[in-house]
Structures are given as structure tokens and as C-alpha cells.
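# just coords:
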């Protein structure tokens, strides 16, 4: 059984920064890609970023390119999402997830089999 625990969310002013963490247990974390998604009130859960198993490759949704950075530390079974220049439209619950396939290029929710409980990010304007 895989368990994911996110942390690092909170309230921040527009233009500010936050770093989210996601710690995994119960599986060979380092073999699979990791992803971050977000869900704003009344909207579908959407892809934010993904990182390959080794951390060599990453991919971002257009709205966050240049502002968000995904990384991972396999020795700590932890993935991170560094967010800078936050905007009010970044307000959402952020979820980390573990991919169910090897490789990279997984932007759909269905490409991920294990999810954390989510952490709230609120950006005030």
C-alpha cells in the first residue's frame, strides 16, 4: 500500500513563494514518475508538473512554466514543488501522485495510481 503525505501549503500574498513537499512510503518510490496536480473550487483536477523516476526530466503545464519547479530526492522518498511569483489563479488544493507507468509524459489523472490527501494553497491578491 502506497501512502503519500503532502505538506507546505498555506496562505501567501501574490508574488510570494511556497514549497510543497510530498513524502511517499510503502513502495519503491524511485522507480516511478511523480506528478503534481491541483484542483480549484468548482473546477476539474488539472495537471501541474511531473518528474521522471531519476529526476532527469520534467514537464510543466503552460500556466506554471517558468514559475514552478518540480524536483525529487529519492533517498528521502520525497518530491517537491517550488512555486514562485504566485498568482491568485494558483489558489487550489495541490495533490501529489505516483505514476503507474515507467517513463515520462503522463499528464492525465488516469496515469497516476496513488494520491496524497492534498494541501491547500491560497494566494491573496
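Arrived safely, thanks for sending. Everything numeric here is computed off the predicted structure, so don't read it as measured data.
# where's the closest residue in space to residue 100 that isn't next to it in sequence, which helix or strand?
Closest residue to residue 100 apart from its sequence neighbours, by Cβ to Cβ, 6 or more residues apart in numbering: residue 113 at 3.9 Å. Just so you know, the C-beta spots here come from the backbone N, C-alpha and C atoms, and that holds for glycine as well. In this structure, residue 113 sits in strand 112-115 according to DSSP states H and E.
# helices or strands next to that strand in the packing?
strand 3-7, strand 92-99 (3 or more Cβ pairs under 8 Å, 6 or more residues apart in numbering; DSSP states H and E).
# Show me what counts as buried in the next helix or strand after that strand.
Sequence-wise, the next helix or strand downstream of strand 112-115 (DSSP H and E) is strand 119-124. Within strand 119-124, the residues scored as buried using 16 or more other Cβ atoms under 10 Å are 119, 121, 123.
# where does the residue positioned nearest the centre of the chain land in three-state SS?
Taking Cα atoms, centre = their mean, the centroid of the chain lies closest to residue 36, which sits 2.2 Å from it. Classification of residue 36 using DSSP: H, G, I helix; E, B strand; the rest coil returns strand.
# Let's see the pLDDT reported for it.
On pLDDT, residue 36 comes in at 98.
# Count the neighbours of the residue nearest to it when sequence neighbours are not counted for me.
Spatially, and ignoring its direct neighbours in sequence, residue 36 is nearest to residue 48 (4.3 Å; Cβ to Cβ, 6+ apart). By other Cβ atoms under 10 Å, 25 other residues sit near residue 48.
# The one 3 residues further on now?
The criterion is other Cβ under 10 Å. On that basis, residue 51 has 24 neighbouring residues.
# Please consider this matter closed, and thank you.
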